[in-house]
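Enquirer: Sharing a model prediction with you, sequence too.
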Amino acid sequence: MHVGLLEVVLRLEGNSSLKGKRKVVKSLLGRVKARFNTAVAETGGQDLYETAVLGFAVCGPDQRVLNTVLDNILDFVEDHAEAEVADSRMEFDFFFG
């Protein structure tokens, strides 16, 4: 089994409250989860108004498929987030079942 991880750093310029950030992040994570059926979470920057670090995880039998899914998630985030993607990183691991 392969596990694919995607970390995305968003920059929410001009945001002045955690409430405003939560609205943007919660909406985006809900849409990604519904569309791609993936595990999602805010994994960093929880105390920062203008930065959000999001984590996405998928698993399956083929790393190529996972890479495609994570690429599609990143494209979706870039197109639909009310924030700028400042950085992103993917990792893949293999586990024996």
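Expert: Sure thing, it's come through.
Enquirer: Spell out, range by range, the strands that occur in the chain.
Expert: Secondary structure of the chain (DSSP state E): strands at 2-11, 39-44, 51-60, 84-94.
Enquirer: quick one: strands adjacent to the shortest one?
Expert: Neighbouring strands of strand 39-44 in its sheet, by DSSP bridges, are strand 51-60 (antiparallel).
Enquirer: Likewise for the longest one?
Expert: Take DSSP bridges as the rule and strand 84-94 pairs in its sheet with strand 2-11 (antiparallel).
Enquirer: Please identify the buried residues of the partner strand?
Expert: For strand 2-11, burial by neighbour count (16 or more other CB atoms under 10 Å) applies to 2, 4-6, 8-11. For the C-beta atoms, the positions are set from N, CA and C on the backbone; glycine is no exception.
Enquirer: Mind putting the strands of the chain into CSV with mean pLDDT and distance to V77?
Expert: Shown next, in CSV, are these (pLDDT from 0 to 100; distance: least, CB to CB, whole Å):
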stretch, mean pLDDT, distance to V77
strand 2-11, 97, 6
strand 39-44, 96, 10
strand 51-60, 96, 7
strand 84-94, 95, 6
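Enquirer: what would these look like in TSV with distance to L74?
Expert: Shown next, in TSV, are the strands of the chain (distance: least, CB to CB, whole Å):
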stretch	distance to L74
strand 2-11	6
strand 39-44	13
strand 51-60	9
strand 84-94	6
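Enquirer: if we can go back for a sec, which one of the buried residues of strand 2-11 is nearest K19?
Expert: Taking CB to CB as the measure, L10 is the one of the buried residues of strand 2-11 closest to K19, at 16.2 Å.
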